[in-house]
Each structure stands twice: as C-alpha cells, then as structure tokens.
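Visitor: With the input below, show me the fold.
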Amino acid sequence: MSAVRRKDPLRDSVLVLAVLAVLVSGWFGWSWWRAANDDGLNRAADRDAVLTEGTAALLALNTVDYRDAVGDVDRWVRASTGQLGKSLNGERKLEADRAVAARTVATATMKQAAVTELDGTAGTARMLAVLDLRISTNDAPAVPSRNKLNVDLERTGEGWKVSGVQAAT
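Guide: Below you'll find the predicted structure:
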C-alpha cells in the first residue's frame, strides 16, 4: 500500500521565500561588489581630491600677510611642487622680505574651479580656477581683482600640489 502525501501550502511558501531571499541577497551582493570596483567611482574620488586640495593650495599661494610673511611663504612652499616649489623655496627670504617691505596683505577666495584634465595613473591634473583677490600695500585700502588661472597639479606623497600656474584668457 502506498501512502499518499498531502501538499503542505505553508512548507511550499517558506521554500519559495527562502529561494527568493537567496536570489535577492545574491543580486544585492553582486551589485555592491560591482559598484565598489567601478573605475568611474575611483576617478570621481580622484577628481574630488584634486579640486579640494588644488583649491586649498591656490588659496595658500595667493595669501600673504606681512605680519606673518615667513609663515605664509612657508605655506606657499608646502602647497607647491616641481619647479614652482623649487623656485619658491629658493626665494623664501626674498618673498618674505618683499611682503614686509611693502606691508602687503593679500587674501584670496575661490570664485569657481573645475578639473579640466586628470590622469590618475600619471598623477597629473589641470584645473581652471577663478580667484577673487583683495590686495593692500602700505596700509592702503584693499584693491579687489579677479584672476583666471590655468593650474597644473601633481600628486605627491602628501596629496595634490600646484606645479605650475598660468593666467587664463
């Protein structure tokens, strides 16, 4: 005699839900892995670092107060690399003395900036930046000006630094 097995709807529902849970968790895991290894995500992170660190470096390079000229010129050197960094380092005393002699106070604010080129493998980038400057000498009222700049950057062990600056047209 054979036993007739009855269908258990609760058992079948649990089995279907378990299979669906495995499939959904597998899909989410695959999606997460794919997003975590996306080159576009890494490139965006590099671009954000260039913009953030390049902006900070440009602001440092365009700021000086004769009352702390040596400290400001040291910040210029730390914000730069390559030939620009070597030139600023070699002219440290001269630049500080100029600021003190003219009683120069210069402040900069970033109006706009954009990364125009980025080679993450080579560790090089270019930025286009618009800075608003306020410059005062000999205790005269500050004179506002605006600079449009093409900025070359290089990645160093300490982050992105300015390696060259040219006026943009």
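Visitor: Now the residue nearest the centre of the chain: phi and psi?
Guide: With distances taken as C-alpha atoms, centre = their mean, A49 lies nearest the centre of the chain, 2.4 Å away. Phi and psi for A49, reported as degrees, to the nearest 10, are phi -70, psi -40.
Visitor: try G157
Guide: phi -60, psi -20.
Visitor: Also the one 4 residues further on?
Guide: In this entry, K161 is assigned phi and psi values of phi -130, psi 160 (degrees, to the nearest 10).
Visitor: List the contacts of the residue nearest to it when sequence neighbours are not counted.
Guide: Using C-beta to C-beta, 6 or more residues apart in numbering and skipping the chain neighbours, the partner closest in space to K161 is T81 (4.0 Å). Bear in mind the C-beta positions are built from the backbone N, C-alpha and C, glycine included. Taking C-beta atoms under 8 Å, 6 or more residues apart in numbering as the criterion, T81 is in contact with E154, T156, K161, V162, S163.
Visitor: how close does T81 get to R47?
Guide: Noted for T81: a distance of 19 Å to R47, by C-beta to C-beta, to the nearest Å.
Visitor: R75 now?
Guide: 24 Å.
Visitor: quick one: which of the two has more around it?
Guide: R75 (18 against 15; other C-beta atoms under 10 Å).
Visitor: my read is that one is in a strand, agree?
Guide: No. Read with DSSP: H, G, I helix; E, B strand; the rest coil, R75 is helix and lies in no strand.
Visitor: Nearest residue to it in space, please, no chain neighbours.
Guide: A60 (4.6 Å).
Visitor: And the one you found, which helix or strand is it part of?
Guide: helix 39-61 (DSSP states H and E).
Visitor: which residues sit in contact with L118?
Guide: Each residue near L118 by C-beta under 8 Å, 6+ apart is listed here: R43, D46, R47, V50, T124, A125, R126.
Visitor: So it lies in a strand, does it not?
Guide: Yes. Assignment of L118 by three-state DSSP places it within a strand.
Visitor: For it, report the pLDDT, please.
Guide: L118 is assigned a pLDDT of 97 by the prediction.
Visitor: Do a quick rundown of the strands in this structure.
Guide: For the chain, the strands defined by DSSP state E occupy 64-65, 105-119, 124-136, 143-156, 159-167.
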